[in-house]
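S.K.: Just the structure for this:
(2 chains)
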Amino acid sequence: MKRLKLGALAAIAIGAGVAAHAAETGITVAMQLEPPHLDPTSAAAGAIDSVLYANVFEGLTRFAADGSVVPGLAKSWDISEDGLTYTFTLQEGVTFHDGSSFDAEDVKFSLDRARAEDSTNAQKALFEAIDTVEAVDPATVRITLGQPNGALLFNLAWGDAVIVAPESIEGIKSSPVGTGAFKFANWVQGDRIELERNAEYWGEAPALETATFRFISDPTAAFASVMAEDVDAFVGFPAPENLPQFEADPRFQVIVGSTEGETILAMNNKQPPFDNPLVREAVAHAIDRQAIIDGAMFGLGTPIGTHFAPHNPDYVDLVDLSGFDPDRSRELLEEAGLAEGFTTTLKLPPPSYARRGGEIIAAQLREVGIQTEISNLEWAQWLEEVFRGKNFGLTIVSHTEPMDIGIYARPDYYFQYGKPEFVAIMDKLNAETDPEARSALLKDAQRMIAEDHVNGYLFQLAFPTVANARIEGLWQNQPTQATDLTGVRWTE
Amino acid sequence: MSLWRSRNLLLGGGLSLLFVALALISFVWTPYDVEKLNIAAKLKAPGGDYLLGTDHFGRDILSMIMVGARTSIAVALVAVGIGMGAGVPLGLTAAARKGGWLDEVIMRGNDLIFAFPSLVIAILITAIAGPGAINAIIAIGIFNIPVFARLTRGAALSLWEREFILAARVCGKSRTRISMEHILPNLMNLLIVQGTIQFSLGILAEAGLSYVGLGAQPPTPSWGRMLAEAQTMVSFAPHLALVPGLAIMLTVLGLNLMGDGLRDLLDPRIRVVRT
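M.R.: Numbering: from 1, shown residues only, chains lettered A, B, ... in the order given. From the prediction side, this is the model:
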């Protein structure tokens, strides 16, 4: 009997050993949202990039973990004196996952497709400055601009600007074919996407042989899956209140990074009473940012006073322009002829920063006499009603695209600002290539929207990752939405 | 036997009354303002300044339970009202026209509603009409209609066979008048018992709908939403889930016990068997 038990124990031990060994070359990464499809060049959904960026698809340039723009499929580039011609020298010996070779024609195809009239690219503005793309020879691409654009290399690093092949474009939404270090292997919809190492990869081979992305939207299930070690890492962990428990557990590491997500209380600038700057300023002063960060995010997040990431060197701290001051807020409402307050709608998408933040903001606004009717919406409803329909008074959302202050120049964007003076600054910025002049313009832009109190600026969204303590190489910050696994490895 | 009966009624009635009392008191007084958040005092354990602790926004949980009782009771009460208001006349009409086309139409309509799982349809209704307490009331109310219609029809049918009804018919009273004057009063006991049961189911349904976010919307406190919000915090602040969970359980238990007790006391069929 005793022997039998020992035997059983040995079997368990061997089993555990095998499992541990198998884990050394593979990783299971969980995230909240599943991509709707797998073409990063034709949808705004960040979840697509979270799985595929840098892993399966690459662009001419790419974002590194620290947010800097580094060479990708382009080995190097020359910029002409007038800033209008960019000549890229491409990496050689690169093949797509289906075996077809990568050359200048693929670059021309990808960029022309993205900026075409009928393109469904979600960020067409990235390519606006481009006049022509020419394949000079298989290893050289020349991009000519209509006007100088200081942000071209940055723009080309986006997930929306990755290089795809004409041979495989047909099926890209279900079986993406890129040039990256990992090949797409399998997608079980509603559950997981599997990648495997690309043996033909042109760059440094990744340590991992396989990678599985799992999609767990429910915060309680997310907590359970990490605790039970069903997943090796959870990127963008949805419940900040659980992080202290993971921190206290030696099995896990908690990495809290920054994102490009400016979390704002967006106001409908065309809908009364928010068309009155006094009312918007009153709202801004009614909000206690720290209470929102503490209450909704359990302390995670950096207060912001304008629509700009605090870790950006050009950031201006304008938090004091809209400091918490309910008395000032009441005065402003009186000045605006709304001494009795008013009632408006507050429409909230699913993330907890919005749902919880919304309840806190509603309570804070109530203090100065502004009543809100809260409605909780699913993402599809929110996109329909708020983002496209512009049928809202207030809403809370995090804008996670990098350097997206340009959205304020679009009068038809959902909060409907588009002031001509601001548009002028943005036009100047797009044409400017001198770094110092660009920095000054960016600062002007930040000040203008902060002084106009276009929206209530709350905080920069933090990005918590919970991972097995033996994993290293995960990105801490999210300079763009990505889960770059090329540098991830197991230690010991 | 009689002691056990009254014990059910006493315990159930006591529990139900407690929550009704909490709900009524909340109109004039709660320990703290439930619409006022106090982030600095968040997640306090029960005891001290806050008898049942505070939630993640620093709101007093006892106050929330009191106001939440109001929401639950209001939703369930109106829903039962809708069910009775529409179901009883329908059942009476069907019984009065037994075998006629009207009977068929009413009862098959009832079957149609009955055929759907009620909570799923409630979710559908609130998904189409938008979440909110009013839509939850309508959704739950609609599903109470067939319950009362069937009960009424069944009981009324047996009454229609009785001599005193025959006498009334001989006197030339119309079917509608007989239904109203003779059938309905004799069904009252049955309806009160069923009403109590449906009331407890209504409270459960309201909690279920708010749990999935389709009931009363914030800032109105609701037991179901308190449970939902507690989910990720159960592991370090169990009182967040325990308190609303117990509130729901005790209320439903109380109402069911009360329903049982009332049935023993009021239902003529059981009374006949036991005497």
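
S.K.: can you count the residues close to residue 237?
M.R.: You didn't say which chain, so I picked chain A. By the criterion of other Cβ atoms under 10 Å in any protein chain shown, residue A:237 has 25 neighbours. All C-beta atoms are positioned from the backbone trio N, CA, C, and that covers glycine.

S.K.: Please refer instead to chain B.
M.R.: By other Cβ under 10 Å, 20 other residues sit near residue B:237.

S.K.: List the contacts of the nearest residue to it once chain neighbours are set aside.
M.R.: Distances taken as Cβ to Cβ, 6 or more residues apart in numbering or on different chains put residue B:43 closest to residue B:237, at 5.1 Å, once the chain neighbours are dropped. Residues in contact with residue B:43 (Cβ atoms under 8 Å, 6 or more residues apart in numbering or on different chains) are B:53, B:54, B:55, B:56, B:58, B:233, B:236, B:237, B:240.

S.K.: again, but for residue A:311
M.R.: Per Cβ under 8 Å, 6+ apart, neighbours of residue A:311: A:67, A:258, A:460, A:477.

S.K.: Apply 6 Å and report the result again.
M.R.: With contacts defined as Cβ atoms under 6 Å, 6 or more residues apart in numbering or on different chains, residue A:311 is in contact with residue A:258.

S.K.: just residue A:318 next, same as before
M.R.: Residue A:318 makes contact with A:305, A:306, A:450, according to Cβ under 6 Å, 6+ apart.

S.K.: between the residues you listed, which is closest to residue A:323?
M.R.: Nearest to residue A:323 among these is residue A:305, at 8.7 Å by Cβ to Cβ.

S.K.: which residue is nearest the middle of chain B?
M.R.: By Cα atoms, centre = their mean, the mean C-alpha position of chain B lies nearest to residue B:199, the distance being 1.8 Å.

S.K.: Just to be sure, residue A:460 is in a helix?
M.R.: No - counting by DSSP: H, G, I helix; E, B strand; the rest coil, residue A:460 is not part of a helix but strand.

S.K.: Next, the contact list for it, please.
M.R.: Each residue near residue A:460 by Cβ under 6 Å, 6+ apart is listed here: A:302, A:304, A:309, A:310.

S.K.: Most neighbours out of these, which is it?
M.R.: Among the contacts of residue A:460, residue A:304 has the most neighbours (other Cβ under 10 Å), with 25 neighbours.

S.K.: Now do stretch A:369-388, average pLDDT.
M.R.: What stretch A:369-388 shows for mean pLDDT is 90.

S.K.: Show me which residues of the stretch 151-275 of chain B are close to chain A?
M.R.: By Cβ under 6 Å from any Cβ of the partner chain, the residues of the stretch 151-275 of chain B that approach chain A are B:213, B:217, B:218, B:231, B:232, B:233.

S.K.: which phi and psi does residue A:74 have?
M.R.: phi -90, psi 120 (degrees, to the nearest 10).

S.K.: can you tell me which two in the contacts of residue B:43 are farthest apart?
M.R.: For these, the farthest-apart pair by Cβ to Cβ is B:58 and B:236; their separation is 15.8 Å.

S.K.: what residues does chain A put near chain B?
M.R.: So far as Cβ under 6 Å from any Cβ goes, chain A lies against chain B at A:219-220, A:239, A:241-242, A:291, A:294-295, A:359-360, A:363, A:374, A:376.

S.K.: ok, now with 8 Å
M.R.: Counting by Cβ under 8 Å from any Cβ of the partner chain, the positions of chain A adjacent to chain B are A:219-220, A:223, A:239, A:241-242, A:244-245, A:291, A:294-295, A:356, A:358-360, A:362-364, A:366, A:373-376.

S.K.: and the residues you listed, which are buried?
M.R.: The neighbour-count criterion (16 or more other Cβ atoms under 10 Å in any protein chain shown) marks A:219-220, A:223, A:239, A:241-242, A:245, A:291, A:294-295, A:356, A:358-360, A:362-364, A:366, A:374-376 among the residues of chain A next to chain B as buried.

S.K.: What pLDDT does the model give the closest residue to chain B within the stretch 351-492 of chain A?
M.R.: Taking Cβ to the nearest Cβ as the measure, the stretch 351-492 of chain A has residue A:363 as its residue closest to chain B, at 4.5 Å. Residue A:363 is assigned a pLDDT of 93 by the prediction.

S.K.: Just to check, it is in contact with residue B:36?
M.R.: Yes - counting by Cβ atoms under 8 Å, residue A:363 touches residue B:36, with 6.5 Å between them.

S.K.: List phi and psi for residue 167.
M.R.: All of this is about chain A. Dihedral pair for residue A:167: phi -70, psi -30, per degrees, to the nearest 10.

S.K.: You answered for a different chain; I wanted chain B.
M.R.: phi -60, psi -50.

S.K.: That one: how many residues sit nearby?
M.R.: 11.

S.K.: Which residue ranges make up each domain of chain A?
M.R.: Using automatic domain parsing, the domain parsing of chain A gives A:61-165, A:260-461.

S.K.: Tell me the span between the first and last residue of the last one.
M.R.: Right, domain A:260-461. One end of domain A:260-461 to the other measures 7 Å (Cα to Cα, to the nearest Å).

S.K.: Ok, stretch A:140-149 next?
M.R.: Taking Cα to Cα, stretch A:140-149 runs 20 Å from one end to the other.

S.K.: Return the set of buried residues in it.
M.R.: For stretch A:140-149, by 16+ other Cβ under 10 Å, it's A:140, A:141, A:142, A:143, A:145, A:148, A:149.

S.K.: Report the two members of the residues you listed separated by the largest distance.
M.R.: Pairwise distances across those peak at 21.1 Å for A:140 and A:148 (criterion: Cβ to Cβ).

S.K.: Quick check: residue A:317 is in a helix.
M.R.: No - secondary structure of residue A:317 (three-state DSSP): coil, not part of a helix.

S.K.: distance of it from chain B?
M.R.: Distance of residue A:317 to chain B, given as Cβ to the nearest Cβ, to the nearest Å: 23 Å.

S.K.: Can you tell me the closest non-neighbouring residue to that residue?
M.R.: With sequence-adjacent residues excluded and distances taken as Cβ to Cβ, 6+ apart, residue A:317 is closest to residue A:305, at 6.3 Å.

S.K.: Quick check: bridge partners of the closest residue to residue A:188 other than its chain neighbours?
M.R.: Leaving aside its sequence neighbours, residue A:188 sits nearest to residue A:194 (Cβ to Cβ, 6+ apart; 8.0 Å). Bridge pairing for residue A:194 (DSSP bridges) gives the partners residue A:186, residue A:212.

S.K.: if I pick residue A:194, what's in contact with it?
M.R.: Contacts of residue A:194 by Cβ under 8 Å, 6+ apart are A:185, A:186, A:187, A:188, A:210, A:211, A:212, A:213.

S.K.: what's the burial count for the nearest residue to the last one once chain neighbours are set aside?
M.R.: I take that to be residue A:213. Distances taken as Cβ to Cβ, 6+ apart put residue A:193 closest to residue A:213, at 4.6 Å, once the chain neighbours are dropped. By the criterion of other Cβ under 10 Å, residue A:193 has 23 neighbours.

S.K.: these two touch, right, residue A:193 and residue A:210?
M.R.: No - using Cβ under 8 Å, residue A:193 makes no contact with residue A:210, being 11.5 Å away.

S.K.: so where does residue B:198 fall, helix or strand?
M.R.: Assigned by DSSP states H and E, residue B:198 falls within helix B:184-211.

S.K.: wait, isn't residue A:92 in contact with residue A:104?
M.R.: No - using Cβ under 8 Å, residue A:92 is not in contact with residue A:104, being 11.3 Å away.

S.K.: elements contacting the lengthiest helix in chain B?
M.R.: Secondary structure of chain B per DSSP state H: the longest helix is helix B:61-96. Counting contacts by 3 or more Cβ pairs under 8 Å, 6 or more residues apart in numbering or on different chains; DSSP states H and E, helix B:61-96 packs against helix B:2-28, helix B:101-115, helix B:133-160, helix B:175-178, helix B:184-211, helix B:223-230, helix B:239-266.
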